[in-house]
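Chemist: give me a 3D structure for the following:
(chains A and B)
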Amino acid sequence: MSAGLVAAVDAQTLVDAVGLGAVFALMAVGIGLVFGVLRLVNFAYGQLVMAGAYTLAFTSGWPVGARLLMCLGVVLVLTMALERAVFRPLRSASPAVMLVTTFAIAFLLQAIARIVDLRDGTIGEAAASVGGLRQAVTIAGVDVRKVTLVAIAVAAVSLGLLALMLARTTLGLHMRAAAADFQTARLLGVRANVVIAFAVFLSGVLAAIVAVILTIQAPLVTPGFALKETIVVLVGVVVGGIDRLWTATLGGFAIGFATGVINGALPTEHTVFLPSAVFALVVLVLIFRPGGLFAPGRTAVVERV
Amino acid sequence: MTRPLLELDGLEVRHGRVAAVRALTLAVHEGEIVGLIGPNGAGKSTTLHAIMGLLPPAAGEIRLRGEPLRGRSPEAVARAGVALVPEGRRIFGGFSVEENLRLGLAAARGNGASERLQDVYGLFPMLADFRRRQAGALSGGQQQQLAIARALMADPDLLLLDEPSLGLAPGLVDVVFEALATIRERRVTVLLVEQRAQRTVAFADRTYVLANGRLHSTLTRADSADTDKMIAAYLA
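Modeler: Reported below is the predicted structural model:
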């Protein structure tokens, strides 16, 4: 193996790792936004992505624009229905009750997906690519799938727009205030229902975007689609520090990036050890920085569990 | 006499099985500054929390200009024209001073954000100097001024203050009462909850004394010089 080939493999691994980190960062923001205003860890987030993925699979023959709109529409309707039917009534419930409820929703949505999927007698539906993004391009000797570049660009633009919205708009100010101290924000006149609905809405938009990227990367959609990713992202969010949106986002990116790099570094016959390696890293981080990897100092050992 | 701005009518608020406020009836008229004093646990803060919709009353009625407030959410009460300066200030420490003030606009009826900012900066020039600074970096007295200014941003009909001088050094207590004096010139109606009985009685048009959740007595400004009455109020 020549030195040049090793370098090429490394660069490719890095680009893929950044691409995976970008997707995980988007999911982390979707989970972190809702946690900020509701103190609710939405374990069912992956099933929103899954619903979007099935929509893309079932509309494989449609024009690209119509498929994307349909995916966004289905995910948003489902997300807002959850908000009205479940999150809002449970707003003052304990965190444990809310978490367990989102487990139940996750299983329910998977069961529904299985029923819908099995109508043709087989499990799994293939989603057509969007605009040839599965093809690779060669940049400076590195083969990169177009979808990886699109994922990085879409994540950067989405996060940038979100940051601007939070920093510059009144609604963004209200959302930040609600995340920092909900009761005081309400006493000042911030409408709880509006900020919560908007946070959930944004998390739905992000879930739809993630569904598009993930189905281009992995076309076979099953009821368990995006489940593994959600668990890994949740771990990343906690490792980064779930109390703040930006640390949660960095945590999502970091665990995606680490997964990508470890995946590239492990010899092919040892990739079964990938989860073990990633979670061993997580345990180490939590031992030395229990408040989160990006939390300021060790003081951030929060009472919230 | 005209209808009071705020009426509490037989208000009862419970913390579990304990009645923190019992059969409390009082009124605050437009333009008045009314004090509410009493020892720790007398039910002062509980009364304010019930008005703001943070605690559901077990009995009785709360009316603003005759309209019942009972059962409304805190944001609905705020948008109806009641602003609370909470105990402990509850400033958003990670936000800039100006962002804190802009949050106060959430309950504002009508427009004019920049005029309201200029108005509040005129009242508290210190805040204008520090407008871009992190609110958490301000001193305790400055934070209290910010909390009051933030409440004024909504141009409320009624301002509720929950122990604004709590935990402040004596010199800073003067700063807070000076701020309150400025508010008085604006003819803002105020319900002031305080532990500093003598200063409150001397400052307010009328002061209610609470003890064990009940209305014990009503003092006028002249009573602040009457040592016997003040001691009786303290021992209530």
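Chemist: strands along chain B, start to end?
Modeler: Taking DSSP state E as the test, the strands found in chain B are B:6-15, B:18-28, B:33-37, B:59-64, B:67-68, B:82-85, B:158-162, B:189-194, B:206-211, B:214-220.
Chemist: winner for burial among those?
Modeler: Ranked by mean neighbour count under mean count of other CB atoms under 10 Å in any protein chain shown, these are led by strand B:82-85, which reaches a mean of 28. Just so you know, the C-beta spots here come from the backbone N, C-alpha and C atoms, and that holds for glycine as well.
Chemist: list the contacts of that one.
Modeler: If you take CB atoms under 8 Å, 6 or more residues apart in numbering or on different chains as the criterion, strand B:82-85 is touched by A:187-188, B:6, B:48, B:51-52, B:64, B:69, B:78, B:104, B:107, B:147-148, B:150-152, B:154, B:156-162, B:164.
Chemist: what of stretch B:61-79?
Modeler: Counting contacts by CB under 8 Å, 6+ apart, the residues outside stretch B:61-79 that touch it are A:183, A:186-192, B:3, B:5-11, B:50-54, B:56-57, B:80-82, B:84, B:106-107, B:109, B:154, B:157-158.
Chemist: what subset of the residues you listed is buried?
Modeler: Buried members of these, scored by 16 or more other CB atoms under 10 Å in any protein chain shown, are A:186-192, B:5-8, B:11, B:50-54, B:57, B:80-82, B:84, B:106-107, B:154, B:157-158.
Chemist: for A:Val190, grab phi and psi.
Modeler: Backbone geometry at A:Val190, expressed as degrees, to the nearest 10, gives phi -70, psi 130.
Chemist: would you agree it is in contact with A:Gly172?
Modeler: No: using CB atoms under 8 Å, A:Val190 is not in contact with A:Gly172, being 11.7 Å away.
Chemist: those residues of chain B touching chain A, which are they?
Modeler: B:52, B:54, B:73-75, B:78-79, B:83-84, B:86, B:90, B:92, B:94-95, B:99, B:102-108, B:150, B:154 (CB under 8 Å from any CB of the partner chain).
Chemist: smallest gap between the stretch 51-200 of chain A and chain B, at which residue?
Modeler: Taking CB to the nearest CB, chain B has its nearest neighbour within the stretch 51-200 of chain A at A:Gly189, 2.7 Å off.
Chemist: on the three-state scheme, that residue is what?
Modeler: Here A:Gly189 takes the coil state, with states given by DSSP: H, G, I helix; E, B strand; the rest coil.
Chemist: could I get the strands of chain B as TSV with mean pLDDT?
Modeler: Output for those, formatted as TSV (pLDDT from 0 to 100):
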stretch	mean pLDDT
strand B:6-15	95
strand B:18-28	93
strand B:33-37	95
strand B:59-64	96
strand B:67-68	94
strand B:82-85	96
strand B:158-162	96
strand B:189-194	95
strand B:206-211	93
strand B:214-220	90
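Chemist: any chance of CSV for those, columns distance to A:Ala22?
Modeler: Shown next, in CSV, are these (distance: least, CB to CB, whole Å):
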stretch, distance to A:Ala22
strand B:6-15, 49
strand B:18-28, 53
strand B:33-37, 56
strand B:59-64, 51
strand B:67-68, 52
strand B:82-85, 43
strand B:158-162, 46
strand B:189-194, 52
strand B:206-211, 58
strand B:214-220, 62
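Chemist: closest to A:Leu26 out of those?
Modeler: Smallest distance to A:Leu26 across the strands of chain B (CB to CB): 38.3 Å, for strand B:82-85.
Chemist: quick one: strands adjacent to that closest one?
Modeler: Within its sheet, strand B:82-85 is paired with strand B:158-162 (parallel), according to DSSP bridges.
Chemist: what angle sits between the strand it pairs with and strand B:33-37?
Modeler: For strand B:158-162 against strand B:33-37, the angle by axes from the mean of the first three to the mean of the last three CA atoms, to 10 degrees is 30 degrees.
Chemist: just the CA atoms of strand B:158-162, as PDB, please.
Modeler: This file holds the C-alpha atoms of strand B:158-162, laid out as PDB (Å, rounded to 0.1, in the frame of the first residue of the first chain):
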ATOM      1  CA  LEU B 158     -50.400  47.700  37.600                       C
ATOM      2  CA  LEU B 159     -46.800  47.000  38.800                       C
ATOM      3  CA  LEU B 160     -46.300  44.300  41.400                       C
ATOM      4  CA  LEU B 161     -43.000  44.300  43.200                       C
ATOM      5  CA  ASP B 162     -41.900  41.300  45.300                       C
END
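Chemist: so what touches it?
Modeler: Residues outside strand B:158-162 that contact it (CB under 8 Å, 6+ apart): B:5-6, B:28, B:44-45, B:48, B:51-52, B:64, B:81-87, B:148, B:151-152, B:180, B:183, B:188-194.
Chemist: ok, A:Val74 - contacts?
Modeler: A:51-52, A:55.
Chemist: now the helix or strand containing A:Leu284: average pLDDT?
Modeler: Per DSSP states H and E, A:Leu284 falls inside helix A:274-288. On average, the pLDDT along helix A:274-288 is 81.
Chemist: how near is B:Leu64 to chain A?
Modeler: 15 Å (CB to the nearest CB, to the nearest Å).
Chemist: show me what that residue is bridged to.
Modeler: Judged by DSSP bridges, the bridge partners of B:Leu64 are B:Leu6, B:Glu67.
Chemist: on the pLDDT front, check the nearest residue to B:Ala113 once chain neighbours are set aside for me.
Modeler: Nearest non-adjacent residue to B:Ala113, counting by CB to CB, 6 or more residues apart in numbering or on different chains: B:Leu105, 5.6 Å away. pLDDT for B:Leu105: 95.
Chemist: just give me the neighbour total for B:Leu105.
Modeler: 20 (other CB atoms under 10 Å in any protein chain shown).
Chemist: over to B:Leu55?
Modeler: Other residues lying near B:Leu55 total 18 when counted by other CB under 10 Å.
Chemist: now the longest helix along chain A: buried residues?
Modeler: If you go by DSSP state H, chain A has its longest helix at helix A:3-38. Neighbour counts over helix A:3-38 (16+ other CB under 10 Å) mark A:11-13, A:15-38 as buried.
Chemist: lowest-scoring secondary structure element of chain B by mean pLDDT?
Modeler: When each helix and strand of chain B is scored by mean pLDDT, DSSP states H and E, helix B:227-234 comes last, with a mean of 78.
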